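[1] following is a predicted model, sequence given first.
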Amino acid sequence: MINGSKIFITNGSAEMSAGATVQAVTGENGGKKEFTTILVEKDTPGFAQRTMHRKMMWRGSDTAELFFGECRVPVSQTLGERGQGSRIMLSTLDGGRLSIAAMGLGLARGAYEMALQYARDRKQFGQPIVKFQAIAFKLADMATRIEHARNTLYTACWMKDQGMDYTAEAAMSKLYCSRIAGEVVDEAVQIHGGYGLMKDYAVERFYRDQRLLEIGEGTSEILQLVISRKIGC
Ligand SMILES: Cc1cc2nc3c(=O)[nH]c(=O)nc-3n(C[C@H](O)[C@H](O)[C@H](O)COP(=O)(O)OP(=O)(O)OC[C@H]3O[C@@H](n4cnc5c(N)ncnc54)[C@H](O)[C@@H]3O)c2cc1C
């Protein structure tokens, strides 16, 4: 029987959602909690979803709170073996971090390209603003950060493909790509001037969308914790 709730679940109340993959405490082993991964189908009695509204970003994506009130599910809905929950869930995290890192890289690239185009088109004091060194150097820094982020992410992806332990590299890529996405999009807004703050320009949405990348799938602080442990701190 499953009891509890979990907040902030992506697609948790979307039509396409078939239910939830839950990591539940199923007992104790040597004084430690035993976790098991269980699939809970949408029509299970006691299972409920509540859509969360008024997000700052990712307005097109559903986010929900899930409730489990005395949910009974058959043993056949156990994913893997009983007691393997933590191992199963942790193994999915590294891959998920690569996905968020890729979102950060793509967002940074998109913001950079918009800013470069805008700087070429926008004229002030009789010339395109891209001709001002202050703007050109911002774009040079943005391009450099994106290049570093791409290399960091591609290295981690290559390590995953080789079957190597890539936990630290996945955490580094997510930490770095999400961070530079924030820095790059901030500069992209600056290059757009007042228009960067208007909803008519996509860079305004990019500015908001970036923020989740430093929080979801492990906050930047938790990633620093993972990396520090991996490097022997
Ligand atoms: C839009 C959205 C979608 C999401 N989708 C999902 C989803 O599909 N599935 C899912 O499971 N979760 C999802 N989440 C939850 C997300 O993973 C968490 O919000 C995130 O992990 C942070 O947890 P928290 O909000 O409880 O913050 P807290 O854990 O309360 O953290 C608050 C602050 O304290 C810091 N902190 C906490 N613990 C430590 C520590 N040990 N050392 C140093 N600093 C620490 C954090 O880094 C953060 O800065 C989603 C969240 C959002 C906003």
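    Perfect, thanks for sending it.

[2] flag every residue of the chain that's near the ligand.
    Residues of the chain lying near the ligand by C-beta under 6 Å from any ligand atom: 8-10, 55, 58, 63, 212, 215-216, 219, 221-222, 225. Just so you know, the C-beta spots here come from the backbone N, C-alpha and C atoms, and that holds for glycine as well.

[3] what sits against Thr26?
    By C-beta atoms under 8 Å, 6 or more residues apart in numbering, Thr26 lies in contact with Glu34, Phe35, Thr36, Arg82, Gly83, Gly85.

[4] what number of residues lie near Val73?
    20 (other C-beta atoms under 10 Å).

[5] wasn't it part of a strand?
    No. Remark: Val73 does not belong to a strand; assigned using DSSP: H, G, I helix; E, B strand; the rest coil, it is coil.

[6] measure it to Glu183 for me?
    From Val73 across to Glu183, the span is 45 Å (C-beta to C-beta, to the nearest Å).

[7] and for Ser99?
    In this view, Ser99 and Glu183 are 20 Å apart by C-beta to C-beta.

[8] these two - which one has more neighbours?
    Shown here are Ser99 and Glu183; by other C-beta under 10 Å, Glu183 has more neighbours (15 against 12).

[9] okay, the more buried one: pLDDT?
    Looking at Glu183, its pLDDT is 98.

[10] Met89 now?
    If you check Met89, the pLDDT there is 89.

[11] got it, and the one 4 residues further on?
    If you check Leu93, the pLDDT there is 92.

[12] pretty sure it sits in a helix.
    Yes. Under three-state DSSP, Leu93 falls within a helix.

[13] contacting residues around it?
    Residues near Leu93 by C-beta under 8 Å, 6+ apart: Ala170, Glu217, Gly218.

[14] again with Gly31
    Under the criterion of C-beta under 8 Å, 6+ apart, Gly31 has no neighbours.

[15] distance of it from the ligand?
    21 Å (C-beta to the nearest ligand atom, to the nearest Å).

[16] how is this structure partitioned into domains?
    The chain breaks down by automatic domain parsing into domains covering 2-79, 87-230.

[17] thinking again about what came up before, need the contacts of Thr26 in JSON lines with neighbour count and secondary structure, can you?
    Formatted as JSON lines, these follow (neighbours: other C-beta atoms under 10 Å; DSSP: H, G, I helix; E, B strand; the rest coil):
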{"residue": "Glu34", "neighbour count": "16", "secondary structure": "strand"}
{"residue": "Phe35", "neighbour count": "21", "secondary structure": "strand"}
{"residue": "Thr36", "neighbour count": "20", "secondary structure": "strand"}
{"residue": "Arg82", "neighbour count": "14", "secondary structure": "coil"}
{"residue": "Gly83", "neighbour count": "14", "secondary structure": "coil"}
{"residue": "Gly85", "neighbour count": "23", "secondary structure": "helix"}
